[in-house]
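*Asks:* Okay, predicted coordinates and the sequence, questions at the end:
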Amino acid sequence: MSEDTYDVIIVGAGPAGLTAALYTSRHNNKTLVLEGNKVGGKALEAHWVENYPGFPDGISGTELMNLMEEQAKKFGAEIKQETVIGISDLGDLKMLSTRSGGFYQAKSLIIATGVSRKSLSVKGEGAFKGRGVSYCGVCDGPFFREKTVAIVGGGHEAVHDIEVLGETASKVYSIPGKKGFSEEYPEIEHLRKDPKVEFVEGVDINEIGGEDFVQYVKLDDGREIKLDGVFIILEHVSTSGILEDAGVTTDAGGCILSDKDQKTNINGIFAAGDCCCKGLQIVTATGMGASAALNAMKYVKQLARK
Amino acid sequence: MKRIELFYSPACPYCPHARELLKQYKMEHPDFEYVEVDTYTEEGIKRGMSLEVMAVPCLVVDDVIKLSGWPFTVDDITQAIE
């Protein structure tokens, strides 16, 4: 292996990736973090984080992620802003290529790419973007005060946005789609008792329509719901195509399948954070990042003994 | 002189990027009035709703919505303002 070979390359610099980088670099493992978007990941969207241990008064998502980045760098982790477009497993060596022409090799990989927003891809979605179609409840919710909205999606963030919009809108329809809610979220039981919230389940949206602004959605069972806003809060794992090329097993939704040690089906490739679709919390992501790092380091040590 | 308003929210992950693009544009084109409006303030949300703003970031030129919701590029901004 060449001197340029990293002990660990981490794909993704959200809470899971940065925690993994902190652990591996602190143990003198040569560590590179590759991030195609902003360092900090989706946690940057959190206006105020009140449930991350150690911050009793809360902390902004941006500040928390800046601190995580600083801590990982302090121990020597390199962080590069490059989008990974290919991963190859050559047994003891893993190879990665990036969109900007970068080429890297590592003894082990930790995939921590998180989830990204997905469009609904129905008639009217594009035409009404910014005119009633939104992708961020906390960003655009204030414009829908005393109005009727629908939250489309069955993930944790969609459930969170039902609560957020429920505070200001006059009526909130929850339309999780035919796949339903991805988990038994405890908030749902409470929301079912809220007279402002109506659950429309077992159906998908066919069309978003209106004149200048959104006025209705059409469902695939023929019903039409009159409303003012549609919040599309769908998530998906962003790198499932690349993972497929590398042979990493995912479930039907693109979530990476990993065991209790964050190992994937490929030796030396680990996964952590939201891309494993377990928890979708900053604290669960950091836990998985630490576990993946500890097991990746164990794997690198075993390779050296070969 | 044209009046440009950028509506943003502190909760919006794309808004800092939009604000940065506008600041750069303003440096190169100082000949318009530029105002940033925080939609998390009572005044800001009222102003936004009066113009029928429904998503942030939102670029309004002389009271007309030109760009609504992310993403938008430097070219989009140029086209919207000129």
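*Replies:* Structure's in. What do you need?
*Asks:* Pull out the buried residues from the lowest-mean-pLDDT helix or strand in chain B.
*Replies:* Ranking every helix and strand in chain B by mean pLDDT, DSSP states H and E puts helix B:15-28 at the bottom, with a mean of 82. In terms of neighbour count (16 or more other CB atoms under 10 Å in any protein chain shown), helix B:15-28 has its buried residues at B:Cys15, B:Ala18, B:Leu21, B:Leu22, B:Tyr25, B:Lys26. C-beta coordinates here come from the backbone N, C-alpha and C atoms, glycine included.
*Asks:* which residues of the stretch 201-306 of chain A score low on pLDDT?
*Replies:* By pLDDT under 70, the low-scoring segments of the stretch 201-306 of chain A are A:236-241, A:252-253, A:279.
*Asks:* swap in the stretch 1-150 of chain A?
*Replies:* A:1-3, A:47, A:117.
*Asks:* ok, which stretches of it are strands?
*Replies:* Ranges of strands in the stretch 1-150 of chain A, per DSSP state E, counting those that start in this stretch, are A:6-11, A:31-34, A:78-80, A:84-90, A:93-98, A:103-111, A:115-118, A:133-134, A:148-152.
*Asks:* Quick one: those strands as TSV, columns for mean neighbour count too.
*Replies:* Below are these laid out as TSV (neighbours: other CB atoms under 10 Å in any protein chain shown):
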stretch	mean neighbour count
strand A:6-11	28
strand A:31-34	26
strand A:78-80	16
strand A:84-90	16
strand A:93-98	19
strand A:103-111	24
strand A:115-118	18
strand A:133-134	28
strand A:148-152	25
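*Asks:* closest to chain B out of these?
*Replies:* Closest approach to chain B among these (CB to the nearest CB): strand A:133-134, 5.2 Å.
*Asks:* what packs against that closest one?
*Replies:* strand A:229-232 (3 or more CB pairs under 8 Å, 6 or more residues apart in numbering or on different chains; DSSP states H and E).
*Asks:* Other residues contacting the strand it packs on?
*Replies:* Strand A:229-232 is contacted from outside by A:117, A:119-120, A:125, A:128, A:132-137, A:140, A:143-144, A:147-153, A:161, A:165, A:169, A:205, A:208, A:214, A:217, B:54, using CB atoms under 8 Å, 6 or more residues apart in numbering or on different chains.
*Asks:* please redo it, this time with the cut-off set to 7 Å
*Replies:* With CB atoms under 7 Å, 6 or more residues apart in numbering or on different chains as the contact definition, strand A:229-232 has outside contacts at A:119-120, A:132-135, A:137, A:144, A:147, A:149-153, A:161, A:165, A:208, A:214, A:217.
*Asks:* Tell me how far that strand lies from the chain's centre.
*Replies:* Distance of strand A:229-232 from its chain centroid, counting by CA atoms, centre = their mean, to the nearest Å, is 19 Å.
*Asks:* Can you dump the C-alpha atoms of that strand in PDB for me?
*Replies:* Extracted in PDB, the C-alpha atoms of strand A:229-232 (Å, rounded to 0.1, in the frame of the first residue of the first chain):
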ATOM      1  CA  GLY A 229     -49.800  24.800   1.200                       C
ATOM      2  CA  VAL A 230     -48.100  21.400   0.600                       C
ATOM      3  CA  PHE A 231     -44.900  20.700   2.500                       C
ATOM      4  CA  ILE A 232     -43.000  17.800   0.900                       C
END
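*Asks:* count of neighbours near residue 5?
*Replies:* Going with chain A. 16 (other CB atoms under 10 Å in any protein chain shown).
*Asks:* wrong chain, I was asking about chain B
*Replies:* By other CB under 10 Å, the residues close to B:Glu5 number 23.
*Asks:* ok, now B:Phe7?
*Replies:* 28.
*Asks:* secondary structure class for it?
*Replies:* Look at B:Phe7: counting by DSSP: H, G, I helix; E, B strand; the rest coil, its state is strand.
*Asks:* Would you mark the buried spots in stretch A:135-142?
*Replies:* Buried residues in stretch A:135-142, counted by 16+ other CB under 10 Å: A:Tyr135, A:Cys136, A:Gly137, A:Val138, A:Cys139, A:Asp140, A:Gly141, A:Pro142.
*Asks:* Which ones among the residues you listed lie within helices?
*Replies:* When DSSP state H is applied, the buried residues of stretch A:135-142 are split such that A:Gly137, A:Val138, A:Cys139, A:Asp140 fall in helices.
*Asks:* out of those, who's near chain B?
*Replies:* A:Val138, A:Cys139, A:Asp140 (CB under 7 Å from any CB of the partner chain).
*Asks:* Disregarding residues adjacent in the polypeptide, which is nearest to the residue positioned nearest the centre of chain A?
*Replies:* When CA atoms, centre = their mean is applied to chain A, the residue found nearest the centroid is A:Val115 (2.5 Å). Leaving aside its sequence neighbours, A:Val115 sits nearest to A:Glu235 (CB to CB, 6 or more residues apart in numbering or on different chains; 4.1 Å).
*Asks:* check contacts around A:Ile85.
*Replies:* Counted by CB under 7 Å, 6+ apart, A:Ile85 has contacts A:Ser97, A:Thr98, A:Arg99, A:Ile242.
*Asks:* can you redo these as JSON lines with distance to chain B?
*Replies:* Output for the contacts of A:Ile85, formatted as JSON lines (distance: CB to the nearest CB, whole Å):
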{"residue": "A:Ser97", "distance to chain B": "25"}
{"residue": "A:Thr98", "distance to chain B": "21"}
{"residue": "A:Arg99", "distance to chain B": "17"}
{"residue": "A:Ile242", "distance to chain B": "22"}
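*Asks:* Thank you kindly, that will do.
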